[in-house]
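Chemist: Give me the fold of what follows.
(one chain, ligands or ions: 1)
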Amino acid sequence: MTERSAFVVVANRLPVDEVAAEGGREWRRSPGGLVTALHPVLAAHQGTWVGWAGGTDAAPGPFDVDGIHLHPVPLSGDELEKYYEGQSNATIWPLYHDAVEPPMYKRSWRDAYRRVNARFADAAAEVAADGATVWVQDYQLQLVPAMLRERRPDLRIGFFLHIPFPSIELFMQMPQRVEILRGLLGADLVGFQQRLAAQNFIRLARHLLGLRYVGQTVEVDDRRVKAGAFPISIDTAEMERMGADPEVQARAKQIRKELGDPKTVILGVDRLDYTKGIEQRLKAFRELLAEDFLSVPDAVMVQVATPSRERVEHYQTLRVKVEREVGRINGEYARVGVPAVHYLHQSYSRAELAALYRAADVMMVTPLRDGMNLVAKEYVAARGDLGGALVLSEFAGAASELKQAFLCNPHDPDGVKDALRRAVTVDQVEARRRMRIMQRHLRSHNVERWANTFLTELRGEA
Ligand code: ADQ
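Modeler: Predicted coordinates for the structure are as follows:
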């Protein structure tokens, strides 16, 4: 029998990657804030992480990495297509991001989503010790809390949604709406990035199921379900260290040199996703070039767009649109050997990202809607030199905290241009003042605090 844990994390992916090693392949902990934040809690409680290991061959049996038990959940090729690419990323993802692309609804996707969620619930029920705390993560697993409660009423169950939670009007489109809402209400505590999202959720419970609520607490049968805002953050100290690393700084210098030592380097770093506002940002850059406010080679833009969800149709269309816009800008404004936009459809190491952050005079984070956006926070934390300026969309969760950024409405092209103009021309004293305030905030509001606040509240100790 598997060893049972007093603390269990359930997430779509396990926090490990399979890499080539001496004598074959081995599992390594993947970089990322969530696992960094949860690692100490998991290690202290003999914790288990339940999730998909990647791949559609038979899943490996349970194994340990860095003192954490990992419990793989298998997915078939058909389930990957219907549960993950379909229901999670072509129905729920667009709907929860203000339907900036039309959500697609399919019965077979919903069925797969239900089946896979049940498998995750079974796995969590199997590994959780009596009275254990289980923390379920994100939109792929919204049915798990209720399914798990049915199997194991003794557990303390938390759920955190990393993406926005939509308004009632939008949520009501979903054919599976009652099932999803009931799924979430299986938790004792449901956490969101933003206060507004928590309010949407509470009002929805009344609207759709006629449930009573008092403050942030919904009454469900004889239980109380609490909703609240727990804005996620980054491992601030790690990013500060990376930004201060002499090798990273040397690399930043080299990047600027390779770009032709321009006066202004403008940077975008995102997963290639239609919620991130990449086209809007490119358009603002193009128009400022057209107006001669910026000119090549004095100003260049670097857009890193990590490949993402490449088998989902919306993502294929987006890639074509972004690459067409990059081609258009370079066609009009580049010269031989001097591109206007450097477009990189690649993944990078944390150190290379930190070097890019250090090399950029202006960082553009312009999502049409984003739960939080960690790139904005990483950029600020990497700038121990107090250099650089951040242009940030009001529609990113991060905007409620990083108020000293140059905020803009990404749906308004003139607004984006204006913010970019102000960020390019801000005087140094003012820019440094803004950076300093945002850095101070991130030092105290790091990902460790996020995890602790949620877990304290979940255990009823708050
Ligand atoms: P994402 O939509 O993935 O996350 P974000 O918060 O920006 O968005 O996180 C992306 C992460 O990937 C960052 O840590 C970034 O450094 C990294 N990354 C981006 N491009 C990369 C590249 N080319 N190479 C390597 N790494 C790269 C979802 C929600 C967000 C929410 C997070 C966490 O959509 O709103 O902030 O979860 O809750």
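
Chemist: Show me what the helix or strand harbouring L38 is in contact with.
Modeler: Using DSSP states H and E, L38 falls within helix 33-44. For helix 33-44, contacts defined as CB atoms under 8 Å, 6 or more residues apart in numbering pick out 7, 9, 11, 15, 29, 47-49, 66-68, 135, 137, 232-235, 238, 374, 447-448, 450-451, 455. Placement of C-beta: from N, CA and C, glycine included.

Chemist: Which PyMOL command selects the buried ones in those?
Modeler: Typed into PyMOL, the line below selects the buried ones among these, using 16 or more other CB atoms under 10 Å:
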select buried, resi 7+9+11+15+29+47+48+49+68+135+137+232+233+234+235+238+374+447+448+450+451+455
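
Chemist: Please determine how far V16 is located from the ligand.
Modeler: Per CB to the nearest ligand atom, to the nearest Å, V16 is found 16 Å from the ligand.

Chemist: Sorry, wrong one. I was asking about D418.
Modeler: D418 is 23 Å from the ligand, by CB to the nearest ligand atom.

Chemist: so that residue sits right up against C408, yeah?
Modeler: Yes. Between D418 and C408 there is a contact under CB atoms under 8 Å: 7.0 Å.

Chemist: Comparing these two, which residue is more hemmed in?
Modeler: More crowded of D418 and C408, by other CB atoms under 10 Å: C408, with 30 against 16.

Chemist: Flag every buried residue along the worst-scoring helix or strand of the chain on mean pLDDT.
Modeler: Every helix and strand of the chain was ranked by mean pLDDT, DSSP states H and E. The lowest is helix 33-44, at a mean of 82. Buried positions in helix 33-44, judged by neighbour count with 16+ other CB under 10 Å: G33, L34, V35, T36, A37, L38, H39, V41, L42.

Chemist: That one and the ligand in contact?
Modeler: No. Applying CB under 6 Å from any ligand atom, one finds helix 33-44 separated from the ligand by no less than 6.7 Å.

Chemist: CA-only coordinates of that helix in CSV, if you can.
Modeler: Output of helix 33-44 as CSV, limited to C-alpha atoms (Å, rounded to 0.1, in the frame of the first residue of the first chain):
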residue,chain,number,x,y,z
GLY,A,33,7.2,29.5,-8.1
LEU,A,34,4.4,27.0,-7.1
VAL,A,35,6.7,24.1,-6.4
THR,A,36,9.3,26.4,-4.7
ALA,A,37,6.6,27.7,-2.4
LEU,A,38,5.1,24.4,-1.6
HIS,A,39,8.3,22.4,-1.3
PRO,A,40,8.9,23.3,2.4
VAL,A,41,5.4,22.4,3.4
LEU,A,42,5.5,19.2,1.4
ALA,A,43,8.9,18.2,2.8
ALA,A,44,7.8,18.9,6.4
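
Chemist: What is the distance between that helix and the centre of its chain?
Modeler: Between the mean C-alpha location of helix 33-44 and the chain-wide mean there is a distance of 17 Å, by CA atoms, centre = their mean, to the nearest Å.

Chemist: how about the residue of the stretch 101-250 of the chain found nearest the ligand, what does it touch?
Modeler: Residue nearest to the ligand within the stretch 101-250 of the chain (CB to the nearest ligand atom): H162, separated by 3.5 Å. Counting by CB under 8 Å, 6+ apart, H162 touches Q137, D138, Y139, Q193, I232, G371, M372.

Chemist: State the pLDDT value of it.
Modeler: pLDDT recorded at H162 is 97.

Chemist: cool, the one 3 residues further on as well?
Modeler: Taken from the predicted model, the pLDDT recorded for F165 is 98.

Chemist: what do you get for M1?
Modeler: pLDDT, read off for M1, is 51.

Chemist: do the same with A462
Modeler: Value listed for A462 in the pLDDT field: 58.
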